[in-house]
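Engineer: Provide a 3D model corresponding to the input given below.
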Amino acid sequence: MRTTVVVIGGGQAGLAMSWYLARRGVDHVILERGAVAESWRLRRWDSLRLLTPNWMSRLPGHGYDGEDPDGYQRADEVVALLDAYAGAFGAPVRPHTTVVGVAPTASGFQVDTDDGPWSCRAVVVATGTEGEPRLPALARDLPGHLQQVAASGYRGPGQIAPGAVLVVGAAASGVQIADELRRAGRAVTVAAGDHVRVPRTYRGRDIYRWMNDLGILDERYDEVPDLTRARRLPSLQLVGTAQRRTLDLAALSAAGVEMCGRLVGVAGRYAQISGALANLIKIADLKQARLLDRIDLHVAEQDLGDRVAALERPDPTPVPPPVTELDLARFSAVVWATGHRPSYPWLDPALLDHRGALRHDGGTLEAPGMYVLGLPVTRHRASNLLAGVGSDAKLLCGRLMEHLRRSRHAA
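Structural biologist: Numbers count the residues shown, from 1 in each chain. Down below sits the predicted model:
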């Protein structure tokens, strides 16, 4: 089978690129191992909602026009959105087609799948951030009585063995799962490492509205001081609820959730705990304060004081007593909310770094004619969000078109 461009992945990134390719009349196909929005269908817990408000649920040619711009969509609503979006412009999705290899050829690339090979002139990797669950090696050393569940496999409290639960990780998934388990009557301990604390709302507006107004979401990858760290930062401690409530370590602590530092080892029935949590909490609080300072300065400069709520800062996160070990006999289950590691078994390892992540410059891979979309800070801070992937797709589609022109002239 032959086409001009193969797009690997049928989520928001792949569909955004498809929209621009279709607008330019470029023959292409989207290869999706499951169905459109597969991760949203299968790898989200039942109560999950987007972290971003509805007004940010936009893609090329599509903007939110509902009655609740400040609400937060459920996972099934995101699936419906992406299904409808793909149908609206006839995205050429080949569902249930698994890519098993990508190799350069004299005329471009051969993309091998479980349904036969495709010959093309360019490849766009749009598989997103979710590869394999990032489980630490020490997971193998935990006592055998513990049920172990990765966040991507978590569906709800009823799935977790009765008893106390240890949630490892304090990004969005970790704090949300810990909160849901606590609300279900479970005793919960969170083992927290590096984290990013922000309020859900500040001075009456959603934090994403402020970050949008301040230009933070549009900050380019080549303007970020520490790009490697920015691309590896944990997701913001946020939850989308009708009450627009803040959910962070301070809120969990006030609700009775215990805190300890990051797991660094296991010795028999005891987990060894890092002593860095107090410092990480102080750093997260300091960075939050700096963000809120920027917002307050913006309010003053734009004379918005009479249009926003009065200034009221969040309290500092309480620092728990230092803990050096945790008795794992107390727990019935561990939920690993430790993120995902990229998985590209079908790509040439030479395109990956030592951590298995794609090496790229603003979405352009080292192999001419190959591009990536949908990763954190691909081209700007919002690259992996519904609201941000479209601008990346537009620019990279332009680069792809230039590559096609150059390769055609060289042939």
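Engineer: you'd agree Ser391 is up against Leu385?
Structural biologist: No: at 10.6 Å, Ser391 does not count as touching Leu385 under the criterion of Cβ atoms under 8 Å. Just so you know, the C-beta spots here come from the backbone N, C-alpha and C atoms, and that holds for glycine as well.
Engineer: which one of these two is surrounded by more residues?
Structural biologist: Neighbour tally, Ser391 and Leu385, criterion other Cβ atoms under 10 Å: the higher count belongs to Leu385, 21 against 16.
Engineer: quick check: that one touching Thr52?
Structural biologist: Yes: between Leu385 and Thr52 there is a contact under Cβ under 8 Å: 5.9 Å.
Engineer: please enumerate the helices of the chain.
Structural biologist: Taking DSSP state H, the helices of the chain run over residues 12-23, 38-42, 75-88, 172-183, 207-213, 227-232, 249-254, 277-301, 386-410.
Engineer: so which of those is the most surrounded?
Structural biologist: helix 12-23 (a mean of 26; mean count of other Cβ atoms under 10 Å).
Engineer: which residues touch the nearest residue to Glu312 once chain neighbours are set aside?
Structural biologist: Once flanking residues are discounted, Glu312 sits nearest to Arg203: 7.7 Å by Cβ to Cβ, 6 or more residues apart in numbering. With contact set as Cβ atoms under 8 Å, 6 or more residues apart in numbering, Arg203 has these partners: 295, 299, 308-312.
Engineer: what does the model give the residue lying closest to Val196 once chain neighbours are set aside for pLDDT?
Structural biologist: Spatial nearest neighbour of Val196, excluding adjacent residues (Cβ to Cβ, 6+ apart): Leu236 at 5.1 Å. Leu236 carries a pLDDT value of 97.
Engineer: residues touching Leu236, list them.
Structural biologist: Going by Cβ under 8 Å, 6+ apart, Leu236 touches 51, 171-172, 196, 198, 207.
Engineer: now for Ile216: which residues touch it?
Structural biologist: By Cβ under 8 Å, 6+ apart, Ile216 lies in contact with Arg381.
Engineer: scratch that, Tyr371
Structural biologist: Tyr371 touches 122-125, 360, 363-365, 396, 399-400, counting by Cβ under 8 Å, 6+ apart.
Engineer: can I have the buried ones of those as a ChimeraX selection?
Structural biologist: Buried subset of those, written as a ChimeraX selection, criterion 16 or more other Cβ atoms under 10 Å:
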select :122,123,124,125,360,363,364,365,396,400
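Engineer: and the contacts of Tyr371 as TSV, adding pLDDT and distance to Gly268?
Structural biologist: Formatted as TSV, these follow (pLDDT from 0 to 100; distance: Cβ to Cβ, whole Å):
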residue	pLDDT	distance to Gly268
Ala122	98	54
Val123	98	49
Val124	98	49
Val125	98	43
His360	97	43
Gly363	97	47
Thr364	98	49
Leu365	97	46
Leu396	98	51
Arg399	97	55
Leu400	98	55
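Engineer: return the member of the contacts of Tyr371 nearest to Gly101.
Structural biologist: Val123 (11.4 Å; Cβ to Cβ).
Engineer: please look at that closest one and Met370 and confirm they touch.
Structural biologist: Yes: using Cβ under 8 Å, Val123 makes contact with Met370 at a distance of 5.0 Å.
Engineer: okay, and the common contacts of these two?
Structural biologist: By Cβ under 8 Å, 6+ apart, Val123 and Met370 have these common neighbours: Phe109.
Engineer: how about the contacts made by the nearest residue to Leu249 once chain neighbours are set aside?
Structural biologist: Residue nearest to Leu249 in three dimensions, not counting chain neighbours: Thr317, with 5.1 Å by Cβ to Cβ, 6+ apart. Applying Cβ under 8 Å, 6+ apart, we find Thr317 in contact with 197, 248-250, 253, 281, 284-285.
Engineer: quick check, pLDDT for Glu130.
Structural biologist: Among the per-residue scores, Glu130 holds a pLDDT of 73.
Engineer: sorry, wrong one. I was asking about Ser47.
Structural biologist: pLDDT for Ser47: 84.
Engineer: separation between it and Leu138?
Structural biologist: 29 Å (Cβ to Cβ, to the nearest Å).
Engineer: neighbour count winner among those two?
Structural biologist: Set Ser47 next to Leu138 and count neighbours by other Cβ under 10 Å: Ser47 wins out with 17 against 14.
Engineer: OK, contacts around that one?
Structural biologist: Here Ser47 is in contact with 156, 180 (criterion: Cβ under 8 Å, 6+ apart).
Engineer: same check, this time on Arg408
Structural biologist: Arg408 makes contact with no residue, according to Cβ under 8 Å, 6+ apart.
Engineer: could you check how far it is from Arg24?
Structural biologist: Taking Cβ to Cβ, one finds Arg408 at 14 Å from Arg24.
Engineer: among the contacts of Tyr371, name the ones in strands.
Structural biologist: Mapping the contacts of Tyr371 onto strands (DSSP state E) picks out 122-125, 360, 364-365.
Engineer: if we can go back for a sec, and the residue nearest to Leu249, its phi and psi?
Structural biologist: Dihedral angles phi and psi of Thr317 (degrees, to the nearest 10) take the values phi -70, psi 130.
Engineer: read off the pLDDT value for the residue nearest to Glu312.
Structural biologist: We have a pLDDT of 97 for Arg203.
Engineer: also Ala411?
Structural biologist: With respect to pLDDT, Ala411 scores 53.
Engineer: which ones are touching Gly363?
Structural biologist: Per Cβ under 8 Å, 6+ apart, neighbours of Gly363: 371-373, 378-379, 392, 395-396, 399.
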